[in-house]
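Asker: no sequence on this one, just coordinates:
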DNA sequence: TCCATATGCAAGTATTTGTTTGCAAATATA
DNA sequence: TATATTTGCAAACAAATACTTGCATATGGA
């Protein structure tokens, strides 16, 4: 198998999505994050490591603390991928479809 | 571990993203999909099964064929999650930041 | 009916994931 | 300097993933 370290992998796990959410609000260190979960510090540490490898967070070592920051622009890749299909479910698309139908029936 | 069957899991794998892309263009059966990959039919079959479990595709049995359709509106969940952070990297936000900076410096 | 086609199911394998516990190392503070 | 805090590393483990190959089954067409 192959190790996949991209934003899609980063957000695949719900715990990781939560961590991203927390860091988006406020940069914080590992222990501070871990305290907010019902899970061992090590488990969170691993998720943080993965998020870092996926490039979606940045870690800044200050003394013994490692402050994590969200690098949200990495979500752009996901956003771009998803939005190419957005037209298939948004209202705007429904309206466009309707419009095209109108044109079609007129040209008959 | 726990089985996660949601759109985030569906799009975490690059092969599955490709399958979604293909089905978005044209509904097709399993073999037709498999032929376009350098991978066994079984491997694709498994991905299709997972996509189905994640609710992102629909399978329609017609005779011996199983036609797969993309159900792209399921991506809405991903889209919504990502877009809550969009302001942090879009130009619009950059412009807003700049504006706030201007206000700040003026109020000094 | 015979054969090709479309698919499922089962077993097997290597790797990854998500998690825990215990221990070591570095840094801050009293 | 002694102690508490923040963290990393390593080992362990069960379950999931991403594949493969081989065989069975159902359907469609000659």
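Answerer: Nice, thanks for sending it over. Computed from a predicted structure; not experimentally measured.

Asker: pLDDT score for the closest residue to DNA strand C within chain A?
Answerer: Taking C-beta to the nearest atom of the strand as the measure, chain A has residue A:63 as its residue closest to DNA strand C, at 2.0 Å. C-beta: built from backbone N, CA, C; applies to glycine. At residue A:63, the model reports a pLDDT of 92.

Asker: okay, now residue A:11: neighbour count?
Answerer: 24 (other C-beta atoms under 10 Å in any protein chain shown).

Asker: please name the residues that touch it.
Answerer: Counting by C-beta atoms under 8 Å, 6 or more residues apart in numbering or on different chains, residue A:11 touches A:17, A:20, A:56, A:75, A:78, B:8, B:78, B:81, B:82.

Asker: from residue A:17, how far off is it?
Answerer: Counting by C-beta to C-beta, to the nearest Å, the gap from residue A:11 to residue A:17 is 6 Å.

Asker: overlap in contacts, the two.
Answerer: B:8, B:81.

Asker: quick one: the strands in chain A, in order.
Answerer: A:28-29, A:57-62, A:65-70 (DSSP state E).

Asker: out of the ones you listed, which comes closest to residue A:4?
Answerer: strand A:57-62 (16.8 Å; C-beta to C-beta).

Asker: so is that closest one next to chain B?
Answerer: No. If you take C-beta under 8 Å from any C-beta of the partner chain as the test, strand A:57-62 misses chain B, and the best it gets is 12.5 Å.

Asker: so how far is that strand off the chain centroid?
Answerer: Relative to its chain's centre, strand A:57-62 lies at 18 Å (C-alpha atoms, centre = their mean, to the nearest Å).

Asker: before we move on, the earlier item: the contacts of residue A:11 in helices, which ones?
Answerer: A:17, A:20, A:78, B:8, B:78, B:81, B:82 (DSSP state H).

Asker: tabulate the strands of chain A in CSV, adding columns for mean neighbour count and distance to residue B:89.
Answerer: CSV is the format used below for the strands of chain A (neighbours: other C-beta atoms under 10 Å in any protein chain shown; distance: least, C-beta to C-beta, whole Å):
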stretch, mean neighbour count, distance to residue B:89
strand A:28-29, 18, 20
strand A:57-62, 14, 14
strand A:65-70, 17, 10
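
Asker: so which of the ones you listed is nearest DNA strand D?
Answerer: Using C-beta to the nearest atom of the strand, the nearest of the strands of chain A to DNA strand D is strand A:28-29, at 2.9 Å.

Asker: and DNA strand C, is the closest one touching that?
Answerer: No. Strand A:28-29 does not reach DNA strand C (C-beta under 7 Å from any atom of the strand); its nearest approach is 11.6 Å.
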